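Colleague: Need coordinates for the following:
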Amino acid sequence: MRAKIVALTDSFAVASQITADDISEIAAAGYRSLINNRPDNEEPDQLESGDARRRAGAVGLEYHYLPITASTLTVKEIDAFEKLIAQAEGPILAHCRSGTRCYLLWAAIQLRKGAASADSLIRQAADKGFDITALQRFSAQG
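Modeller: Predicted structure coming up:
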């Protein structure tokens, strides 16, 4: 598998960009839902959401497309992601280019719930190789 998968909980993981061939391996690994947080056409060689949806459906994965960019992330997108992961069948794998956007969305939800402080979430992410310092913009908003 080309994608780097990092489990954040027993039922939620983030991944770097997946390939078409990764989708059957993701299903075989036990994931039930796949969330794509990467807008189509960010890079010319990335897997397009329509193709990913077809391939996911063929192997029994729920597929959800919620494209975001970290630089323009708002509470609206965090709300949509929170609703999506609450309704999606788990375990869930969310992916983007590097996994950072997905991690940032998940951390924003944890921050909102009061599960951890922004600083501790940022440190935990750094320990796993992710830079989610953008989370600080949401610490006052909750």
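
Colleague: Compute the mean per-residue pLDDT across stretch 77-84, please.
Modeller: Averaging pLDDT along stretch 77-84 gives 96.

Colleague: if we look at it, which residues are touching it?
Modeller: Defining contact as Cβ atoms under 8 Å, 6 or more residues apart in numbering, one finds that stretch 77-84 is touched by Ile35, Asn37, His64, Leu66, Ile68, Leu105, Trp106, Ala108, Ile109, Arg112, Phe138. No exception for glycine: its C-beta is placed from N, CA and C like everyone else's.

Colleague: 6 Å instead, please
Modeller: With contact meaning Cβ atoms under 6 Å, 6 or more residues apart in numbering, stretch 77-84 is reached by His64, Leu66, Ile68, Leu105, Ala108, Ile109.

Colleague: which one is the third one nearest to, not counting chain neighbours?
Modeller: Think Ile68. In this structure, Ile68 finds its nearest non-sequential neighbour in Glu77, 4.8 Å apart by Cβ to Cβ, 6 or more residues apart in numbering.

Colleague: and whichever strand or helix holds the one you found, how far from the chain's centre?
Modeller: Using DSSP states H and E, the element containing Glu77 is helix 75-87. The chain centroid and the centroid of helix 75-87 are separated by 11 Å, computed with Cα atoms, centre = their mean, to the nearest Å.

Colleague: Just put the contacts of stretch 77-84 in CSV and tack on neighbour count and pLDDT.
Modeller: Listed next are those as CSV, based on neighbours: other Cβ atoms under 10 Å; pLDDT from 0 to 100:
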residue, neighbour count, pLDDT
His64, 21, 97
Leu66, 20, 96
Ile68, 21, 93
Leu105, 27, 96
Ala108, 27, 95
Ile109, 18, 96
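
Colleague: Let's see which of those end up in helices.
Modeller: Cross-referencing the contacts of stretch 77-84 against helices under DSSP state H gives Leu105, Ala108, Ile109.

Colleague: before we move on, the earlier item: just curious, which of the contacts of stretch 77-84 is nearest to Ile18?
Modeller: Taking Cβ to Cβ as the measure, Ile18 sits nearest to His64 out of the contacts of stretch 77-84, at 13.5 Å.

Colleague: Measure how buried the closest residue to Leu8 other than its chain neighbours is and give me the count.
Modeller: Across the structure, with Cβ to Cβ, 6+ apart as the measure, the residue nearest Leu8 apart from its sequence neighbours is Trp106 (5.9 Å). When neighbours are defined as other Cβ atoms under 10 Å, Trp106 has 24 of them.
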